[in-house]
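Predicted coordinates and the sequence they were generated for:
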Amino acid sequence: MQKQKIDADIENGKYERIYLICGDEPYLVKHYKNKLKKAIIPEDESMNYAFFDSIPENITSITGFADTMPFFADRRLVMLDKASAFKKDTGLADYIPQIPETTTIIIVEEEVDKRTKLYKAIQKYGCITELKKLGMADVKMFIASRFKRAGKGITERDCEYLISSVGDDLYTLCNEVDKCIAYAGENTGIDRKIINEVCSMQVENKIFDMVDAILSRNGDVVYKLYGDLLTLRENAFGIMAVIRKNYNRLLMISELLEDGCSISEIASRTKTADWLVKKQISKVKGFNSKRLKDSIECIVDTEYSIKAGNIAEQLGLEIMLAKLMTL
């Protein structure tokens, strides 16, 4: 992963007036927020720290705190955490050039409007760190480095297997990696056997594999995965909803591909990781959009029939799976 300016500022002990930390990778956003906060003020500090989860109508409560000299410390810190700072003009943009050298303001948001006066002021006088969802290569590097710190190794192939099994959410991956480390004990290698023993395979990933098997008309795999889901006590509507979500995404990818969109553009518009888009493109290339649309219609009709009381949930789902394999 690319080294962020925040890392360099912490190493040098020199901080900007204001930082904006944003992006669609919540784990990294939280990581850098906490890392920067910890570097600027002691962990239990309260006198020189102010937290806001909304922007007050009158920002003097922010500016007044920021303008005050630190008490028995080098710096003061103001944290605006998901405070909707970009929703309206509060005057904060005009204040940024006046922030004292002894104060740092950190703004944390999932989404920002880059056209706003506030964004442009931060861009001019501070530091913007946008943390986007990691690609497959960076996720693998993230996992490998976490194992390495614990004195464990993992092959690239098993690393990919772990990601495909539990998903690419970094919070989930951290939890599953820690479980593998604890289970491995004195063993220095993490392999597929350990992953299968201790990792919580996501229901959505089982359904993802089920859709793959449906598209290839592999009934044995479809019904094996269906049996696994029943063992996990997943309800029929939940399973159908995820199947429909997968088909809708495949249809959208198929249509964007036909329109000549690039992989990165498809990933952005479908809110899907690049590596997963590549994987799904290989599926939809052999199908026309009509088959995907007919499948979605079959799922919707089944959901309606169950809700109308015309068929029992489990029986409806089983018939639907059989129909999907014939389309």
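Thanks, I have the structure now.

Mind naming the longest helix for this protein?
Counting residues, the longest helix in the chain under DSSP state H turns out to be helix 236-258.

tell me what that one is packed against?
helix 203-215, helix 263-270, helix 274-284, helix 289-307, helix 313-324 (3 or more Cβ pairs under 8 Å, 6 or more residues apart in numbering; DSSP states H and E). Yep, even glycine has a C-beta here, placed from its N, CA and C like the rest.

Tell me the helices and strands packed up against the first one.
Helix 203-215 sits against helix 156-166, helix 219-231, helix 236-258, with contacts defined as 3+ Cβ pairs under 8 Å, 6+ apart.

domain parsing for the protein?
5-130, 136-198, 203-324 (automatic domain parsing).

Tell me how far the closest residue in space to residue 321 that isn't next to it in sequence lies from residue 282.
Nearest residue to residue 321, sequence neighbours excluded (Cβ to Cβ, 6 or more residues apart in numbering): residue 222, at 6.0 Å. Distance from residue 222 to residue 282, counting by Cβ to Cβ, to the nearest Å: 19 Å.

One more: residue 102?
In this view, residue 102 and residue 282 are 56 Å apart by Cβ to Cβ.

Same drill for these two, tell me which one is more crowded.
residue 102 (16 against 8; other Cβ atoms under 10 Å).

Can you verify my assumption that residue 323 contacts residue 298?
Yes: Residue 323 lies in contact with residue 298 (Cβ atoms under 8 Å); the separation is 5.4 Å.

the more surrounded of the two?
For residue 323 versus residue 298, the count of surrounding residues by other Cβ under 10 Å is larger for residue 298: 19 against 16.

which residues sit in contact with the more buried one?
Residue 298 makes contact with 320, 323-324, 327 under the criterion Cβ atoms under 8 Å, 6 or more residues apart in numbering.

still on that earlier bit, with mean pLDDT and distance to residue 4 added, can I get the helices and strands packed on helix 203-215 in JSON lines?
JSON lines is the format used below for these (pLDDT from 0 to 100; distance: least, Cβ to Cβ, whole Å):
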{"stretch": "helix 156-166", "mean pLDDT": "86", "distance to residue 4": "23"}
{"stretch": "helix 219-231", "mean pLDDT": "85", "distance to residue 4": "40"}
{"stretch": "helix 236-258", "mean pLDDT": "87", "distance to residue 4": "31"}
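
export the ones you listed to CSV and tack on distance to residue 312 and mean neighbour count?
Formatted as CSV, the helices and strands packed on helix 203-215 follow (distance: least, Cβ to Cβ, whole Å; neighbours: other Cβ atoms under 10 Å):
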stretch, distance to residue 312, mean neighbour count
helix 156-166, 32, 18
helix 219-231, 14, 15
helix 236-258, 9, 19
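
Take the ones you listed and write them to TSV, including distance to residue 313.
Converted to TSV, the helices and strands packed on helix 203-215 look like this (distance: least, Cβ to Cβ, whole Å):
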stretch	distance to residue 313
helix 156-166	27
helix 219-231	12
helix 236-258	4
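
closest to residue 95 out of the ones you listed?
Taking Cβ to Cβ, helix 236-258 is the member of the helices and strands packed on helix 203-215 nearest to residue 95, at 42.5 Å.

Identify the residues contacting the closest one?
Contacts with helix 236-258, where a contact means Cβ under 8 Å, 6+ apart, come from 203-204, 207-208, 210-211, 229, 265-266, 269-270, 272, 277, 280-281, 283-285, 287, 289, 292-293, 295-296, 299-300, 302-303, 306, 313-314, 316-317, 320.

you'd agree residue 128 is in a strand?
Yes: counting by DSSP: H, G, I helix; E, B strand; the rest coil, residue 128 is part of a strand.

got the contact list for it?
Contacts for residue 128 (Cβ under 8 Å, 6+ apart) come out as 19-20, 22, 119, 122.

Let me know the closest of those residues to residue 169.
Using Cβ to Cβ, residue 22 comes nearest to residue 169 of the contacts of residue 128, at 18.2 Å.

For the stretch 1-150 of the chain, which segments are assigned as helices?
For the stretch 1-150 of the chain, the helices defined by DSSP state H, counting those that start in this stretch occupy 5-12, 26-40, 60-67, 92-95, 117-125, 136-149.

pull the helix or strand with minimum mean pLDDT from the protein.
Least confident element among the helices and strands of the chain, by mean pLDDT, DSSP states H and E: helix 274-284 (a mean of 78).

So what touches it?
The contact list for helix 274-284, computed with Cβ under 8 Å, 6+ apart, reads 135-136, 139, 168, 212, 215, 249-250, 253-254, 257, 263-264, 266-267, 270, 272, 292.

Just the buried ones among those residues, please.
Among these, the ones that count as buried by 16 or more other Cβ atoms under 10 Å are 135-136, 139, 168, 212, 215, 249-250, 253-254, 257, 266-267, 270, 272, 292.
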